[in-house]
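K.L.:
Kindly return the folded structure for what I paste below:
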Amino acid sequence: MSKTTHRYLIPAQVHLHEIEIQKSRFITRLAHAPTAEDARNFVDALRQQFPDATHHCWAFVAGPPGDSRSVGMSDDGEPSGTAGKPMLTVLMHSEVGEIVAVVTRYFGGQKLGTGGLVRAYTQAVQDALATLPTQEHVITIDVTIEAQYPDHGTIERLLQEWEIDIESTEYTDKVTMHIKVPDDRWEGLRKQIIDRSAGRAHILGTSDSDLNP
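P.N.:
Sure thing, here's the model as predicted:
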């Protein structure tokens with residue numbers, strides 16, 4: 001995964017696509033899977049919903065496109081390497097992240113051979129991806145801004161300029177604002193907060209204890 005991956009596409013909904021090869025039905029379902037647990041839960045739900053299927057082969061990438069840190073796959077009884085691996089290869093080379101693919105096969109009576117199975121499962125996922133509705137996922141960071149009262153209005157106006165919503169505000173001996181900022185916009189906004197408050201604003205984040213320069 002590149003450190004510059006701040007925005008990427010994810011499935012907008014569960015998507016179904018079916019193909020038939022030599023009388024066998026290959027029904028592909030793609031869904032959003034931000035975690036490995038979400039992916040496996042989706043697979044288990046399909047197993048329970050369609051227990052009569054010959055196979056439920058699956059693969060997932062639970063992260064940004066091409067991120068290999070959280071992936072999984074299964075041939076579910078097909079010859080080793082003929083289903084899960086080609087499915088995962090297609091997902092890894094797509095531009096969609098946080099995705100799980102399940103190909104449900106109903107055997108039609110004709111064997112495809114190992115090469116035929118690889119081509120079938122590859123095509124099943126490729127064709128489904130070609131028509132998958134997607135939406136943009138934006139990586140955000142949680143930020144807390146502690147400001148003096150004279151700087152409060154200035155910082156609020158700055159956030160409005162940047163179209164950043166304030167999640168909540170606390171008023172004590174200082175004003176504390178909690179915001180979510182797209183990761184790729186944060187550095188520019190941070191510099192302006194410091195500049196417009198003449199360095200008086202104190203900035204805290206969830207991943208780094210102190211986001212001040």
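K.L.:
CA only for contacts and neighbour counts going forward, please
P.N.:
Noted.
K.L.:
What segments of the chain are helices?
P.N.:
With DSSP state H, the ranges of helices along the chain come out as 36-49, 84-92, 113-130, 149-161, 186-196.
K.L.:
so how far is the first residue of stretch 165-174 from its last?
P.N.:
One end of stretch 165-174 to the other measures 19 Å (Cα to Cα, to the nearest Å).
K.L.:
contacts for it?
P.N.:
E146, A147, Q148, Y149, L159, V175, T176, M177, H178, I179, K180 (Cα atoms under 8 Å, 6 or more residues apart in numbering).
K.L.:
If any of those are buried, put those into a PyMOL selection.
P.N.:
PyMOL command restricting the contacts of stretch 165-174 to the buried ones, with burial defined by 16 or more other Cα atoms under 10 Å:
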select buried, resi 146+147+148+159+175+176+177+178+179+180
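K.L.:
In TSV: the contacts of stretch 165-174, plus pLDDT.
P.N.:
Conversion of the contacts of stretch 165-174 to TSV gives the following (pLDDT from 0 to 100):
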residue	pLDDT
E146	95
A147	95
Q148	94
Y149	95
L159	95
V175	96
T176	96
M177	95
H178	95
I179	94
K180	91
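K.L.:
how about the contacts of stretch 165-174, which pair is most distant?
P.N.:
Pairwise distances across those peak at 21.2 Å for Y149 and K180 (criterion: Cα to Cα).
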